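Enquirer: Predicted model and sequence below, questions to follow.
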2 protein chains.
Amino acid sequence: MAHRVVIVGGGFGGLYAAKALRRAAVEITLLDRRNFHLFQPLLYQVATGELSPADVAFPLRAVLSKQRNASVLLSEVTDIDPQRRVVIRKDGAEVPYDSLVVATGAKNHYFGSDHWAEFAPGLKSLEDATRIRHRILYAFEAAEKESDPEKRRAWLTFIVVGAGPTGVELAGALGEIANDTLREDFRSIRPEEAQILLLDGSPRVLSPFHPELSAKAENSLIRLGVRSVLNVKVVGVDRYGVRVKSATGEQYIPARTVLWAAGVTAAEFTRVLASRLGVEPDRGGRIPVDAYCNVPGHPEVFVIGDAALSKDADGKPLPGVAPTAMQQGSYVAASISKRLRGDNVEVFRYRDKGNLAVIGRARAVAQFSETMRFSGLVAWLLWLFVHLMYLVTFQNRLIVFIRWGFNYTTYNRGARLITGDIDPGDSLEHLKTNEQHVEVRST
Amino acid sequence: MAHRVVIVGGGFGGLYAAKALRRAAVEITLLDRRNFHLFQPLLYQVATGELSPADVAFPLRAVLSKQRNASVLLSEVTDIDPQRRVVIRKDGAEVPYDSLVVATGAKNHYFGSDHWAEFAPGLKSLEDATRIRHRILYAFEAAEKESDPEKRRAWLTFIVVGAGPTGVELAGALGEIANDTLREDFRSIRPEEAQILLLDGSPRVLSPFHPELSAKAENSLIRLGVRSVLNVKVVGVDRYGVRVKSATGEQYIPARTVLWAAGVTAAEFTRVLASRLGVEPDRGGRIPVDAYCNVPGHPEVFVIGDAALSKDADGKPLPGVAPTAMQQGSYVAASISKRLRGDNVEVFRYRDKGNLAVIGRARAVAQFSETMRFSGLVAWLLWLFVHLMYLVTFQNRLIVFIRWGFNYTTYNRGARLITGDIDPGDSLEHLKTNEQHVEVRST
């Protein structure tokens, strides 16, 4: 019987592992809760109405349909028995493995305040993205109908928590929506008066980037009407706004739309895996792995991508980005093949592909090394090229390219639909003043 | 002050009325529960994963943004006071009118068995379409995991109730999904073994068409693996199947996916309107209107599209199709302008544009008059042309065209995503045998 490779998770790590095994004499089972691979780097464009869900998601079966040694199961994996070498599906069925690749990714993290999730959605799934799109667009609709100036102001205030690449991209897109896309659409409000605040605990935006690029990014954001509020800590989030703490005191900022881009933690399954394998996950729930992407003592279990805490040769943790997961996916696939052939396996070496963040129309920052840095149009073209190249299927690449072309030339966002079951009328009825939420200026 | 025209509903009727008033000296307010116009004739393609929601929906604000005499309000209208000439929004606010155009459309109708809706979703909204897509795709996933052959058979049985154009289009698309799109995607099941049943109470499919076209449509359906079950009445629908009654008795057909294309009724608001205006709606909730699209005795109130029961010169009710609504929308707009100028208003004349129904790839039937009939590729090209022409914005037209081109040449369906909060694992756990639903063969 062929060597059975079970891959849990169809993100960048799992999918690249499956594809890299296409010529190996193995039998691959890829399990995912979802029937599609999600191209997360473009998810913020779904949230901001520029792309449709289907533009950034690819049916896993379609991606692997020609690969006869791979089968896909739509199933959540909830447990594992490492002695018997089986993973256990939510419906109770067991799937046996000879090699296991855990690539279960990350989810939003609210630092112990999970109840904030209701008021400040994060951006990890397609549902998150359509929910955020709903919130953003509905806020302008509610403001158009609102006659009380204070309430209207709260509807037109947008807070993005976290000024990493995702936060910067969301805030930049919000700036464009307010200033360009919706410019002529309303009769009572002026969308360009929207207040967009980008909050972060560090002293600058895009803190993993070179300070010069942070400054350039902040300039571009200012031009889009985004104000960054730095060195602050979020201490409370509710339906009506955000409470922040700074060196000078606490303040409540009324805002009906709060988006969370501040942190992620490994998906639930890694905690189960850690306890079954007797290892200690880090604070983010990630499983520490060795230089072979293996759980120490378990050469048949690989953990990759955001589920793993892996370190480079200097002991520095690898960044939680798509290239890390892709490289690890291809690496473990090669490892499995080599071991089956009895060949030597080398340790995993991370190649840093640099960092990219886009800030609205034709502006981005890119950093490939300490000295190779770009900003403005050049960085944006690089971003465009890299993302189009990585889009898995040709059809989507072309459609995304056309959409971008249109959006770029017309300032339009074709996908700005408010869907879902929230009835606008109902939501408005809940718009009552909440007495305990009076604004507290820095005290 | 300008003459105030209030339009309730942004479907074909309401939108065409608003656009036809673009040069009139009026102040238009278009109210809709949704922020987009839905291109309903292509909705079945969203349900079957061929197009994305944003391909068939257009933000109303964007469509009307350049029209300075029109404003859009995202609001549901729940009541009306015809004496004071105001409509009342769900949030209690009043919107005064001088002329009122009611274009609130239709919703799914289950002939008194509203609880069937849960098991047999209809196809009227974007949410309906994504829900149906979810059901169809998930059924194949569940079958792939199911080892019991009888349960697997139920997952692979798809029932479409109603063999009008929508039912025929859905069944044809299901046939293509099973036979072409998913052909190589599964390892345990053979999607082409899916059983697709098209149920109708009449003795032939597409009964409003010429019998010759009905026969051609049925032939095309058979080639796609769709079996039509005619002269039957649905007497029960639940999670596990459908109970049908025919001349020979009753029968329970196990099927985990049941789609409803059997009937529509006017949206709720028309019943309120009827009682406030003291008129009697028909059984389908439609408001009877006179030859000017007016509610008798109320020259300032127009009802158009699926909300209205309008008759042609021979007293035959007009069909509930998009061209009726479009023509009536343009007509009432012209009427309002003429009355404001003191000009004579002529009665509404319906121009029958014919009937079109598409049955899978490159096959359709078209009927323009008793003698002008087409089928096969010619009819399909006509269908293609008509639908592309009517797509409101150029961007969507091009993107839809490209998607169709790809789908046509590759048999692919890029938008086959299962989204939403239903957890596959959970659903499977409910897949227990339901004792009361043993099959009852014709008795």
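Expert: Nice, thanks for sending it over. Residues are numbered from 1 along each chain as shown, chains lettered A, B, ... in the order given.
Enquirer: doesn't A:Val8 make contact with A:Ala17?
Expert: No: under the criterion of CB atoms under 8 Å, A:Ala17 is not in contact with A:Val8, lying 10.4 Å apart. All C-beta atoms are positioned from the backbone trio N, CA, C, and that covers glycine.
Enquirer: For the two, list the residues in contact with both.
Expert: Common neighbours of A:Ala17 and A:Val8 are listed as A:Val101, A:Ala103 (criterion: CB atoms under 8 Å, 6 or more residues apart in numbering or on different chains).
Enquirer: So for those two, which sits in the more crowded spot?
Expert: Residue environment comparison for A:Ala17 versus A:Val8 gives the larger neighbour count to A:Ala17, 33 against 29, counting by other CB atoms under 10 Å in any protein chain shown.
Enquirer: where's that one relative to A:Ala325, distance?
Expert: From A:Ala17 over to A:Ala325 the distance is 9 Å, taken as CB to CB, to the nearest Å.
Enquirer: which residues are common contacts for the two?
Expert: Overlap of the contact sets of A:Ala17 and A:Ala325 (by CB under 8 Å, 6+ apart) consists of A:Ala103, A:Ile304.
Enquirer: Next up, the contacts around the spatially most central residue of chain A.
Expert: When chain A is reduced to its mean C-alpha position, the closest residue under CA atoms, centre = their mean turns out to be A:Lys124, at 4.4 Å. Residues in contact with A:Lys124 (CB under 8 Å, 6+ apart) are A:Gln40, A:Leu43, A:Ala106, A:Lys107, A:Asn108, A:Val264.
Enquirer: Next, find the distance separating it from A:Ala117.
Expert: In this view, A:Lys124 and A:Ala117 are 11 Å apart by CB to CB.
Enquirer: and for these two, which residues touch both?
Expert: Overlap between the contact sets of A:Lys124 and A:Ala117, as judged by CB under 8 Å, 6+ apart, is given by A:Asn108.
Enquirer: What is the burial count for A:Ile287?
Expert: Neighbouring residues of A:Ile287 were enumerated by other CB under 10 Å; the total is 26.
Enquirer: Got the phi and psi for it?
Expert: Main-chain dihedrals, A:Ile287, degrees, to the nearest 10: phi -90, psi 120.
Enquirer: quick one: it and chain B, what's the gap?
Expert: A:Ile287 sits 23 Å away from chain B, taking CB to the nearest CB, to the nearest Å as the criterion.
Enquirer: which non-adjacent residue is nearest that residue?
Expert: A:Val303 (4.5 Å; CB to CB, 6 or more residues apart in numbering or on different chains).
Enquirer: and the one you found, what does it touch?
Expert: Counting by CB under 8 Å, 6+ apart, A:Val303 touches A:Val101, A:Val102, A:Ala103, A:Thr270, A:Leu273, A:Ile287, A:Val289, A:Cys293, A:Asn294, A:Val295.
Enquirer: Just the ones of the residues you listed in strands?
Expert: The strands, defined by DSSP state E, take in A:Val101, A:Val102, A:Ile287, A:Asn294, A:Val295 from these.
Enquirer: what's the farthest-apart pair in the residues you listed?
Expert: In those, the most distant members under the criterion CB to CB are A:Val101 and A:Ile287, with 12.2 Å between them.
Enquirer: What is the least confident helix or strand in chain A?
Expert: Among the helical and strand segments of chain A, the one scoring lowest on mean pLDDT, DSSP states H and E is helix A:424-429, with a mean of 33.
Enquirer: and A:Ala18, how many residues sit next to it?
Expert: For A:Ala18, the count of nearby residues is 26 (other CB under 10 Å).
Enquirer: where's it, which helix or strand?
Expert: In this structure, A:Ala18 sits in helix A:12-20 according to DSSP states H and E.
Enquirer: Which residue ranges of the stretch 251-400 of chain A form helices?
Expert: A:269-277, A:322-341, A:376-390, A:394-410 (DSSP state H, counting those that start in this stretch).
Enquirer: For the third one, give the mean pLDDT please.
Expert: This means helix A:376-390. Helix A:376-390 shows a mean pLDDT of 86.
Enquirer: likewise the second one?
Expert: Averaged over helix A:322-341, pLDDT sits at 96.
Enquirer: That helix - contacts with which helices or strands?
Expert: Counting contacts by 3 or more CB pairs under 8 Å, 6 or more residues apart in numbering or on different chains; DSSP states H and E, the secondary-structure elements packed against helix A:322-341 are strand A:3-8, helix A:12-20, strand A:26-32, strand A:99-102, strand A:298-303.
Enquirer: The third one too?
Expert: Using 3+ CB pairs under 8 Å, 6+ apart as the contact criterion, the elements in contact with helix A:376-390 are strand A:355-358, strand A:364-367, helix A:394-410.
Enquirer: what does stretch A:205-221 rub up against?
Expert: Where contact means CB under 8 Å, 6+ apart, the residues beyond stretch A:205-221 that reach it are A:163-165, A:167-168, A:171-172, A:175, A:198, A:200, A:204, A:228, A:230, A:319, A:355, A:357, A:359-360, A:363, A:365, A:367, A:370, A:373, A:375-376.
Enquirer: Measure how far that stretch is from the centre of its chain, please.
Expert: Taking CA atoms, centre = their mean, to the nearest Å, the mean C-alpha location of stretch A:205-221 is offset from the chain mean by 20 Å.
Enquirer: Flag every residue of the stretch 101-250 of chain A that's near chain B.
Expert: Counting by CB under 8 Å from any CB of the partner chain, the residues of the stretch 101-250 of chain A close to chain B are A:126-127, A:130, A:137-138, A:141, A:144-145, A:182, A:184-188.
Enquirer: before we move on, back to that, now the helices of the stretch 251-400 of chain A as CSV including mean neighbour count?
Expert: Shown next, in CSV, are the helices of the stretch 251-400 of chain A (neighbours: other CB atoms under 10 Å in any protein chain shown):
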stretch, mean neighbour count
helix A:269-277, 18
helix A:322-341, 21
helix A:376-390, 15
helix A:394-410, 17
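Enquirer: Compare the ones you listed and give me the one nearest A:Ala2.
Expert: Proximity to A:Ala2 (CB to CB) singles out helix A:322-341 among those, at 9.7 Å.
Enquirer: by how many degrees do the closest one and strand A:26-32 diverge?
Expert: Orientation note: helix A:322-341 sits at an angle of 150 degrees relative to strand A:26-32 (axes from the mean of the first three to the mean of the last three CA atoms, to 10 degrees).
Enquirer: May I have helix A:322-341 exported as PDB, CA atoms only?
Expert: The C-alpha trace of helix A:322-341 is given here as PDB (Å, rounded to 0.1, in the frame of the first residue of the first chain):
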ATOM      1  CA  ALA A 322       2.300  33.300   3.100                       C
ATOM      2  CA  PRO A 323       5.900  32.700   1.700                       C
ATOM      3  CA  THR A 324       6.900  31.000   5.000                       C
ATOM      4  CA  ALA A 325       4.000  28.600   4.700                       C
ATOM      5  CA  MET A 326       4.600  28.000   0.900                       C
ATOM      6  CA  GLN A 327       8.300  27.300   1.400                       C
ATOM      7  CA  GLN A 328       7.600  25.000   4.300                       C
ATOM      8  CA  GLY A 329       4.900  23.200   2.400                       C
ATOM      9  CA  SER A 330       7.200  22.500  -0.500                       C
ATOM     10  CA  TYR A 331      10.000  21.600   1.900                       C
ATOM     11  CA  VAL A 332       8.000  18.900   3.800                       C
ATOM     12  CA  ALA A 333       6.800  17.400   0.500                       C
ATOM     13  CA  ALA A 334      10.400  17.000  -0.600                       C
ATOM     14  CA  SER A 335      11.400  15.700   2.800                       C
ATOM     15  CA  ILE A 336       8.700  13.000   2.700                       C
ATOM     16  CA  SER A 337       9.800  11.900  -0.800                       C
ATOM     17  CA  LYS A 338      13.400  11.800   0.200                       C
ATOM     18  CA  ARG A 339      12.800   9.800   3.300                       C
ATOM     19  CA  LEU A 340      10.700   7.300   1.300                       C
ATOM     20  CA  ARG A 341      13.700   6.900  -1.100                       C
END
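Enquirer: what's the angle from that helix to helix A:376-390?
Expert: When the same axes, to 10 degrees is applied, the directions of helix A:322-341 and helix A:376-390 differ by 30 degrees.
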